[in-house]
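*Asks:* Got a sequence here, can you model it:
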Amino acid sequence: MQIGKDSVVTLAYRVTDVDGNLVDEGAEPLVYLHGGYGGIFGKIEETLQGTGVGDKFEVRLEPEDAFGDYDAELVMVEPRNLFPDNIEVGMQFERAGEEGEDEEDELYTITDIADDKVVVDGNHPLAGMALVFSCTVTEVRVASAEEISHGHVHAPGGHHHH
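*Replies:* Down below sits the predicted model:
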């Protein structure tokens, strides 16, 4: 079976940076609904279109194909008293979108803690990086009507909406 719109695709994958340093070892296979549902980066989806089980790929993703360019405006300095006492550099937290926005909560990473200030960075940790996505197609099946209507893959045995 070839990968096309509304196929559920399972990939064994790993991601490195362009120097070959491991970014994501792909401990769990990646399963996504193919066909423009946003379950995987578009450039990978284009590469996989029409392929099948056993096909191997290496896709180089420029920052704009992956997590976007680094945006200095997403770095903010906040008063220390807004945060709990036990924070550490590297911790991540969600910051709710403004009232009335239907944006998803953005994830911020604490990059620096001073006496009365905390520096937080809303960029994805991989923003601004070119990545190499290596994968092997391990399974392709037809999506169920329910999966298609929801726009994502359902794990065996039902699913949970977060």
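
*Asks:* would you list every one of the strands in this protein?
*Replies:* For the chain, strands defined by DSSP state E occupy the ranges 7-17, 22-24, 30-33, 56-61, 75-79, 92-95, 106-113, 117-121, 131-142.

*Asks:* For residue 152, which of these is the nearest?
*Replies:* Among the strands of the chain, strand 30-33 comes nearest to residue 152, with 5.7 Å by CB to CB. In short, each C-beta sits where N, CA and C put it, glycine included.

*Asks:* Strand partners (parallel or antiparallel) of that closest one?
*Replies:* strand 7-17 (antiparallel) (DSSP bridges).

*Asks:* Tell me the gap between the partner strand and the middle of its chain.
*Replies:* On the basis of CA atoms, centre = their mean, to the nearest Å, strand 7-17 is displaced by 12 Å from the centre of the chain it belongs to.

*Asks:* What residues sit buried inside that strand?
*Replies:* 7-11, 13, 15-16 (16 or more other CB atoms under 10 Å).

*Asks:* could you check the angle strand 56-61 makes with it?
*Replies:* Going by axes from the mean of the first three to the mean of the last three CA atoms, to 10 degrees, strand 7-17 is angled at 60 degrees with respect to strand 56-61.

*Asks:* Tell me which other helices or strands the lowest-mean-pLDDT helix or strand in the chain touches.
*Replies:* Ranked by mean pLDDT, DSSP states H and E, the helix or strand of the chain with the weakest confidence is strand 92-95, at a mean of 83. Packing partners of strand 92-95 (3 or more CB pairs under 8 Å, 6 or more residues apart in numbering; DSSP states H and E): strand 106-113.
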